[in-house]
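Participant: what follows is a predicted structure for the sequence shown.
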Amino acid sequence: HGPTSKQGEVIREKACTMVRQIYICFALLLVTASVSLSSGAKLSLLDDPDARCLDGTAGGYYYEAATKTKENNSWVIHLQGGGECVNKDSCEAKIGTSIGSSKYWPASVNFTDKVTSSFRGNGGGDEATKSWGEFGWWVLGDNKETNPDLHGYNHVFIPYCSQDLWSGQQTSPKHLSSDGKTKDEGWYFAGHLIFSAVLADLESVGLKDASLIILSGNSAGGMGTWLHVDWVAERFPKAEVVSISIAGFYAYSYPYTGPHATDPAHEMPSFTEAAFSLYVTLWDAFMDADCILDNKDAPHHCMVASRSAPYIKSRSYVVQSQTDRLVLEMHDQLPPDPYYWGPAARTYIRSHHHNMSTHLLDFMRNPVHHGVFSAACWKHDSFTVTSPTINGVNYKQAFGNWLLRSDHDDFIFFDDCGEFCNPTCEVPSRATPPPPSRLAEVTTSLHWSFEEEVFVV
């Protein structure tokens, strides 16, 4: 005999209850897995009392262990960029952000995300933090598609909060003023001390056994790689230590002073030689030892790669725009709107392009030791896997060939077509529409001949 109608209802109800329970459990498992996958690299704050951010809060880092057993001893350590400060006004503008204080850092980040939405509600973050990961976390991340050669490595992201180009060794606050009288509460410039403390922490999780250490950095972090790569190599003599500097190959600034030049008071701190001679004292800057030894009368030369690169013994790779937008607009005082680029401004841009190209050509003389990806673009550090490309190759592919495949001879990717001529990246765009009488002039002025007269500085 089959079940009665009432018994059937009971059986169906029990079955439905079981199905609901299974569904709920499955949903919970999915949520748990999602949280686990998105939690990513956890923030570790440093115990070292000297490793402080600009406002005195503890420095720190995000660490994600290798996901491939064979890469347990391979490391990528990235120094974040984010400007610099040298006076009361510029430093005060940074302490309420993630590039001046660790108070605004999220509890974790996910290096596989293309953007930062994964951690905006994760216990931290400000407007500056929201840009983290915007360009694919550089050479970090465990995604084979976006990081084809270096996924599976140990990955470390060190947020930038010292505003000293990663050079500072100050253990007490520096008191600055904007008017020569008013004193602030004091700022800490301890970028080198933060980096050193991070390395000490990482030794306990395997860095001391590293066979390969890639020191990478973007912008100010890229400048920091030149200061530290040989020092890291000496600290870990069993490892091969190399560097990749993204938008960090700087030279001294010779600001534009022609029509419509921007007010230097409204831009980033000066990068003239005279300014750097003051910064090394303010920050008690750590620099490459061999460079300092050969420049005792002018140690500030060792803060910029155009002067320090010849002294670097470690293998080094440069990713650099030939016309760096941030440098030209924020350090060199070029009008940000091409509408105002008259003959003087165009001559200045040609000179900048020529000088950067010359510095990089000097650097490339040993292509096995020094690799270059230099695009004729109007950008700073926004290099991604999609843009720009040179001969169909992006910077990560070029770097991987240089680092890992000795059978490749294409270590040098260098646009030689002039200014703003790479078709895979942006060109200057006008914020102010020109009148019809100037439309043709402004449009054609964005592509100039490399052979025209330049001023060499």
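Facilitator: Nice, thanks for sending it over.
Participant: quick check: closest non-adjacent residue to Ala210.
Facilitator: The spatial neighbour of Ala210 that comes closest, neighbours along the chain excluded (CB to CB, 6 or more residues apart in numbering), is Ala239 at 4.3 Å. (Glycine included, C-beta is placed from N, CA and C.)
Participant: look at the one you found and report its pLDDT.
Facilitator: For Ala239, the model assigns a pLDDT of 98.
Participant: repeat that for Glu145.
Facilitator: 89.
Participant: now it. Nearest residue, chain neighbours left out?
Facilitator: Nearest to Glu145 is Val385, by CB to CB, 6+ apart, at 8.0 Å.
Participant: any idea how many residues pack against the one you found?
Facilitator: Using other CB atoms under 10 Å, Val385 has 17 neighbouring residues.
Participant: ok, now which ones touch Cys91?
Facilitator: Cys91 is in contact with Leu54, Cys85, Gly100, Gln163, Leu176, Asp184, Trp187, counting by CB atoms under 8 Å, 6 or more residues apart in numbering.
Participant: also Tyr256?
Facilitator: Leu328, Asp332, Gln333, Leu334, Ala344, Ala345, Tyr348.
Participant: and the gap between it and Arg315?
Facilitator: 35 Å (CB to CB, to the nearest Å).
Participant: again with Val109
Facilitator: Val109 is 28 Å from Arg315, by CB to CB.
Participant: tell me which of those two has more neighbours.
Facilitator: Shown here are Val109 and Arg315; by other CB under 10 Å, Val109 has more neighbours (29 against 20).
Participant: correct me, but that one touches Tyr61?
Facilitator: No - Val109 is beyond contact range of Tyr61, at 10.6 Å (criterion: CB atoms under 8 Å).
Participant: now the common contact residues for those two.
Facilitator: Leu43, Phe157.
Participant: okay, now the unreliable bits of this protein?
Facilitator: With pLDDT under 70 as the threshold, the chain has low-confidence stretches at 1-39, 113-131, 134-136, 178-184, 367-368, 407-409, 430-457.
Participant: show me where it has strands.
Facilitator: 41-45, 60-64, 74-79, 108-109, 154-158, 212-218, 240-246, 315-324, 370-379, 412-414 (DSSP state E).
Participant: the third one pairs with which strands, and in what direction?
Facilitator: In the sheet, strand 74-79 lines up against strand 154-158 (parallel), strand 212-218 (parallel) (DSSP bridges).
Participant: tabulate those (CSV), appending distance to Ala275 and mean neighbour count.
Facilitator: As requested, these are arranged in CSV below (distance: least, CB to CB, whole Å; neighbours: other CB atoms under 10 Å):
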stretch, distance to Ala275, mean neighbour count
strand 154-158, 25, 26
strand 212-218, 21, 26
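Participant: distance to Asn366 for these - can I get that in JSON lines?
Facilitator: Shown next, in JSON lines, are the strands paired with strand 74-79 (distance: least, CB to CB, whole Å):
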{"stretch": "strand 154-158", "distance to Asn366": "28"}
{"stretch": "strand 212-218", "distance to Asn366": "19"}
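Participant: residue contacts, Leu212?
Facilitator: Asn73, Ser74, Trp75, Ala239, Glu240, Val242.
Participant: swap the cut-off to 10 Å and go again
Facilitator: Leu212 is in contact with 71, 73-76, 150, 153-154, 239-242, 403-404, counting by CB atoms under 10 Å, 6 or more residues apart in numbering.
Participant: so how many other residues sit close to Ala298?
Facilitator: With other CB under 10 Å as criterion, Ala298 counts 13.
Participant: which residues touch it?
Facilitator: Neighbours of Ala298 in contact, by CB under 10 Å, 6+ apart: Glu273, Phe276, Ser277, Val280, Ile292, Arg307.
Participant: now do the contacts for the closest residue to the third one other than its chain neighbours.
Facilitator: Closest residue to Ser277 in three dimensions, ignoring its sequence neighbours and counting by CB to CB, 6+ apart: His300, at 4.5 Å. When the contact criterion is CB under 10 Å, 6+ apart, the partners of His300 are 252, 273-281, 285, 287, 292, 307.
Participant: same thing but 6 Å
Facilitator: By CB atoms under 6 Å, 6 or more residues apart in numbering, the residues touching His300 are Phe276, Ser277, Val280.
Participant: other residues contacting stretch 311-331?
Facilitator: 229-230, 233, 241-246, 249, 253, 267-268, 271, 288, 290-291, 334, 336, 353, 356-357, 369-380, 383, 395, 399, 402, 419.
Participant: rewinding a little: now, of the contacts of His300, which are buried?
Facilitator: The neighbour-count test (16 or more other CB atoms under 10 Å) marks Phe276, Val280 as buried among the contacts of His300.
Participant: just the closest of the contacts of His300 to Phe411, please.
Facilitator: Phe276 (30.2 Å; CB to CB).
Participant: Throw the contacts of His300 into CSV and include distance to Arg365, thanks.
Facilitator: Below are the contacts of His300 laid out as CSV (distance: CB to CB, whole Å):
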residue, distance to Arg365
Phe276, 25
Ser277, 28
Val280, 28
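Participant: quote the end-to-end distance of stretch 260-270.
Facilitator: Stretch 260-270 has an end-to-end distance of 18 Å (CA to CA, to the nearest Å).
Participant: quick check: buried residues in it?
Facilitator: By 16+ other CB under 10 Å, the buried positions in stretch 260-270 come out as His260, Ala261, Thr262, Glu267, Met268, Pro269, Ser270.
Participant: ok, so of those residues, who is nearest Asn218?
Facilitator: Taking these together and measuring to Asn218 by CB to CB, the closest member is Met268, at 15.5 Å.
Participant: how near is that closest one to Glu329?
Facilitator: 9 Å.
Participant: ok, Asp48 next?
Facilitator: 37 Å.
Participant: please name the nearest non-neighbouring residue to Ala376.
Facilitator: That would be Asp415: by CB to CB, 6+ apart, it lies 3.8 Å from Ala376.
Participant: and what of Met287?
Facilitator: Cys302 (3.8 Å).
Participant: I'd say that neighbour and Ala285 touch.
Facilitator: No - using CB atoms under 6 Å, Cys302 makes no contact with Ala285, being 8.3 Å away.
Participant: tell me what Ser243 is bridged to.
Facilitator: Where Ser243 sits in a bridge, its partners, by DSSP bridges, are Leu215, Ser316.
Participant: for it, grab the count of nearby residues.
Facilitator: If we define neighbours as other CB under 10 Å, then Ser243 has 27 of them.
Participant: make 20 the first number, not 1, from now on.
Facilitator: Yes, from this point I'll number from 20; that puts the last item at Ser262.
Participant: quick one: contacts for it?
Facilitator: Leu234, Thr244, Val248, Ser335.
Participant: so can I have TSV of these showing distance to Gly152?
Facilitator: Conversion of the contacts of Ser262 to TSV gives the following (distance: CB to CB, whole Å):
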residue	distance to Gly152
Leu234	19
Thr244	20
Val248	24
Ser335	25
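Participant: which of these has the most neighbours?
Facilitator: With neighbours defined as other CB under 10 Å, the most crowded of the contacts of Ser262 is Thr244; it has 31 neighbours.
Participant: gap between that residue and His279?
Facilitator: Thr244 is 35 Å from His279, by CB to CB.
Participant: good, wrapping up.
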